[in-house]
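Trainee: coordinates only, no sequence provided:
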């Protein structure tokens, strides 16, 4: 179990630029989640995948945001035309999604995005 | 819709003293409950979870929590804290049929002092 890996750890960019983050989940986990955490707040759900299918998207995920999980392995989160309000920590988590009950999510260390 | 309230934004406590971090939730359906800890510039680490069964749940690092359905609470406790417990603690809830997505509280900063 190598844990959830996120890259890059930090990203600084100018307003209006596009950014892409990558998440590599724990290998045997079929569910993958993206959350956004702003300063002083708890993480907020953005979207989740079961295998390669994106099953739910939060209303927080505007049309400038897109997430993919090709082949049900790693995932990418892209933000187009970044705005000041996009500055946050973007967290990825994974879990197994079979069996009875909810399985706990394992989080990566996040990508901190700063918009200049 | 589900919601989570963490009543205390900050809790200062002396080392070796007991601590309780409060969490209340609101949901019209059955829920699963979690406590996570976050150290600076890191992701979240699972402390403990309640899925079903015994209402007293024991987790890592000596933490425990008790699920109280009538009071819709899931308070986190530790009988004796250590300096290394200084961190942000988040209570979270998910619900059956909800795809396992988590709804978090706003967090409680635990500061352990000598």
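Mentor: Nice, thanks for sending it over. Because the structure is predicted, anything quoted here is derived from the model rather than measured. Residues are numbered from 1 along each chain as shown, chains lettered A, B, ... in the order given.
Trainee: contact partners for residue 104?
Mentor: This is for chain A. Residues counted as contacts of residue A:104 (CB atoms under 8 Å, 6 or more residues apart in numbering or on different chains) are A:95, B:34, B:46, B:49. From N, CA and C alone the C-beta is placed, and that goes for glycine too.
Trainee: chain B was what I was after
Mentor: Contacts of residue B:104 by CB under 8 Å, 6+ apart are A:42-44, B:4, B:36, B:90-92.
Trainee: and those, which is closest to residue B:10?
Mentor: Residue B:10 has its nearest neighbour among those in residue B:90, at 13.9 Å by CB to CB.
Trainee: and for that closest one, the neighbour number?
Mentor: As a burial measure, residue B:90 scores 26 neighbours (other CB atoms under 10 Å in any protein chain shown).
Trainee: any idea how far residue B:16 is from it?
Mentor: The gap separating residue B:90 from residue B:16 is 24 Å, by CB to CB, to the nearest Å.
Trainee: residue contacts, residue B:1?
Mentor: For residue B:1, the contact set (CB under 8 Å, 6+ apart) is empty.
Trainee: so it: helix, strand or coil?
Mentor: What DSSP: H, G, I helix; E, B strand; the rest coil gives for residue B:1 is coil.
Trainee: model confidence for it, exactly?
Mentor: You'll see residue B:1 listed with a pLDDT of 76.
Trainee: pLDDT value on residue 110, please?
Mentor: Went with chain A since none was named. You'll see residue A:110 listed with a pLDDT of 95.
Trainee: nope, chain B please
Mentor: pLDDT, residue B:110: 97.
Trainee: that one pairs with what?
Mentor: residue B:11, residue B:87 (DSSP bridges).
Trainee: before we move on, back to that, please narrow the contacts of residue B:104 to those residing in strands.
Mentor: A:44, B:4, B:36, B:90-92 (DSSP state E).
Trainee: of those - the most surrounded one?
Mentor: residue B:91 (29 neighbours).
Trainee: my read: that one touches residue B:32, true?
Mentor: No - between residue B:91 and residue B:32 no contact is recorded; they are 11.9 Å apart, counting by CB atoms under 8 Å.
Trainee: spatially nearest residue to the one residue in chain A that gets nearest to chain B (excluding sequence neighbours)?
Mentor: Proximity of chain A to chain B (CB to the nearest CB) peaks at residue A:42, 3.2 Å away. Distances taken as CB to CB, 6 or more residues apart in numbering or on different chains place residue B:104 nearest to residue A:42, at 3.2 Å, with adjacent residues excluded.
Trainee: could you check how far the one you found is from residue A:35?
Mentor: Residue B:104 is 8 Å from residue A:35, by CB to CB.
Trainee: give me the common contacts of the two.
Mentor: With CB under 8 Å, 6+ apart as the test, residue B:104 and residue A:35 both reach A:43-44.
Trainee: contact partners for residue B:79?
Mentor: Contacts of residue B:79 by CB under 8 Å, 6+ apart are B:18, B:62.
Trainee: what's the pLDDT at it?
Mentor: 97.
Trainee: what do you get for residue B:107?
Mentor: For residue B:107, the pLDDT comes out at 97.
Trainee: was I right to think it contacts residue B:11?
Mentor: No - counting by CB under 8 Å, residue B:107 stays clear of residue B:11, with 10.9 Å between them.
Trainee: neighbour count: the two, which is higher?
Mentor: The neighbour count for residue B:107 versus residue B:11, taken as other CB under 10 Å, is higher for residue B:107 (23 against 17).
Trainee: tell me the bridge partners for the closest residue to chain A within chain B.
Mentor: Using CB to the nearest CB, residue B:104 is the residue of chain B that sits closest to chain A, at 3.2 Å. Per DSSP bridges, the residues bridged to residue B:104 are residue B:92.
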